[in-house]
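In: take a look and give me a structure for this.
(one chain, ligands or ions: 3)
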Amino acid sequence: MTNFADISSRLAEQEIEVPSWAYGNSGTRFKVFGSPGTPRTVEEKIADAAAVHRFTGLAPRVALHIPWDEVDDYAALRRYAEDQGIGLGTINSNTFQDDDYKLGALTHTDAKIRQKAIDHHFACIDVMDATGSRDLKIWLAEGSNYPGQADIRGRQDRLAESLATIYERLSDEQRLVLEYKFFEPAFYHTDVPDWGTAYTQVAALGDNALVCLDTGHHAPGTNIEFIVAQLLRLGKLGSFDFNSRFYADDDLIVGAADPYQLFRILFEVIRGGGYGTDGDTAFMLDQCHNIEKKIPGQIRSVLNVQEMTARALLVDTAALTAAQEEGDVLLANEIFMDAFYTDVRTDLAAWREERGLPGNPMQAYLASGYQEQIEAERVGGTQAGWS
Ligand code: PSV
Ligand code: MN
Ligand code: MN
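Out: Ligands and ions are numbered 1, 2, ... in the order given. Have a look, this model is predicted:
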């Protein structure tokens, strides 16, 4: 039997990076709803991310998206973030909002357009040098809509070449993480649709090229924890983009749609040595809050990850292994489910208080006056970057 006391020190290892775009207004292609208090500048997004960290102790870094978060002086931005008590994290490139990339960016048949996309990644690496960021995250909106439209094999070759050129520019401390997504915005074929393609592409680059697994980027029914286990086994699970989905790339609050799936994923992360100080797998959120308040949405998200991590750590692995080896199917499943069904909320509240954090971060945030202050001060907040 594993108790909360046995796992409490491991919880202190948890770090979850939040995305700058979660604080901007976002929506669907039908409507973007404005909300009071929305950040008007990159600095205000960072300030909101820092608030999430102050109340939860879980979110010490904020990821940036270039050019959505473009500024003149990234070293100054880094100092600003540090003054707020957080760091700047992953740099996300963007090759999906430029007319030149209509038929592809890193895979385009035209060498000039490929070079433009490569140069954008070079610029992102310059940003990383100034911000001290470790990871360059690449999600590509490339593919085709109609069979015969494109040479899908030639596009893999050009992608490999472009990625190799970008990878070469990284320092030894920096990493490239390649994100896959099974469809959208291209509907017939996507150039990096699945973990196998992402793995194949990054394996050809080198040790500092890894896969990013976005939990929302799989077909319904996909066994995501199996992919987690496999990528960790191969030493190639660089990072997570956590979110929830019901139907497509919904970008809803992680753990909201299926907390049990989140538990199963986190169990495999821990099992595979990807958690905390055991490994280098980065936990990130990739979410948008279209109708709910953004900072509370982020607070709920990091708390959901923490709660399911605690439950996953509670699995009695010695008893589980024994049951598995005995071939005791039902006992093995019962041991697994016992941990999942354990309510850790009271223990987590006490754990936070022992560390000088509010026992109930959501309540503390709502009582703090921060939301009222930003709603009064900020007029005319900007969109996350999506239109
Ligand atoms: C688009 O699907 C996407 O949601 C990807 O998941 C990226 O990580 C994110 O946008 C930010 O570029
Ligand atoms: Mn993502
Ligand atoms: Mn996505």
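In: single out the residue in the stretch 101-250 of the chain that lies closest to ligand 1.
Out: Residue nearest to ligand 1 within the stretch 101-250 of the chain: residue 139 (3.9 Å; Cβ to the nearest ligand atom). C-betas here are computed from N, CA, C, even on glycine.
In: which ones are touching the closest residue to that residue other than its chain neighbours?
Out: In this structure, residue 139 finds its nearest non-sequential neighbour in residue 179, 4.1 Å apart by Cβ to Cβ, 6 or more residues apart in numbering. Residue 179 makes contact with 137, 138, 139, 140, 192, 198, 211, 212, 213, 214, 217, 241, according to Cβ atoms under 8 Å, 6 or more residues apart in numbering.
In: again, but for residue 7
Out: So residue 7 contacts 310, 313, 314 (Cβ under 8 Å, 6+ apart).
In: now swap in residue 50 and tell me
Out: Residue 50 neighbours (Cβ under 8 Å, 6+ apart): 62, 81, 84, 85, 86.
In: which one of the residues you listed is nearest ligand 2?
Out: residue 62 (15.1 Å; Cβ to the ion).
In: in the chain, what spans have low per-residue confidence?
Out: Filtered on pLDDT under 70, the chain yields the residue ranges 380-387.
In: and the most centrally placed residue in it, how close does it get to ligand 2?
Out: Nearest to the mean C-alpha position of the chain, by Cα atoms, centre = their mean, lies residue 241 at 2.4 Å. As judged by Cβ to the ion, to the nearest Å, residue 241 and ligand 2 stand 3 Å apart.
In: figure out how far the one helix or strand that residue maps to is from the centre of its chain.
Out: Using DSSP states H and E, residue 241 maps to strand 237-242. Computed by Cα atoms, centre = their mean, to the nearest Å, the chain-centroid distance of strand 237-242 equals 6 Å.
In: by contact count, what packs against it?
Out: strand 135-139, strand 175-179, strand 209-214, strand 282-285 (3 or more Cβ pairs under 8 Å, 6 or more residues apart in numbering; DSSP states H and E).
In: the second one pairs with which strands, and in what direction?
Out: Within its sheet, strand 175-179 is paired with strand 135-139 (parallel), strand 209-214 (parallel), according to DSSP bridges.
In: okay, those in TSV with mean neighbour count next?
Out: Below are the strands paired with strand 175-179 laid out as TSV (neighbours: other Cβ atoms under 10 Å):
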stretch	mean neighbour count
strand 135-139	25
strand 209-214	25
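In: parallel or antiparallel, which strands does the strand holding residue 241 pair with?
Out: In the sheet, strand 237-242 lines up with strand 209-214 (parallel), strand 282-285 (parallel) (DSSP bridges).
In: is that strand anywhere near ligand 1?
Out: Yes - for strand 237-242 and ligand 1, the contact criterion (Cβ under 6 Å from any ligand atom) is met by residue 241.
In: list of residues touching that strand?
Out: Against strand 237-242 from outside (Cβ under 8 Å, 6+ apart): 16, 90, 135, 137, 175, 177, 179, 210-217, 228, 231, 254, 262, 269, 272, 274, 280-287, 301, 305.
In: contacts with ligand 1 among those, please.
Out: Applying Cβ under 6 Å from any ligand atom to these, those adjacent to ligand 1 are 179, 214, 286.
In: residue 106: what's it in contact with?
Out: Taking Cβ under 8 Å, 6+ apart, one finds 95, 114, 117, 118, 140, 142, 158, 159, 162, 163 in contact with residue 106.
In: likewise for residue 118?
Out: Counted by Cβ under 8 Å, 6+ apart, residue 118 has contacts 106, 162, 165, 166.
In: SS state for the first one?
Out: Reducing the assignment at residue 106 to three states with DSSP: H, G, I helix; E, B strand; the rest coil gives coil.
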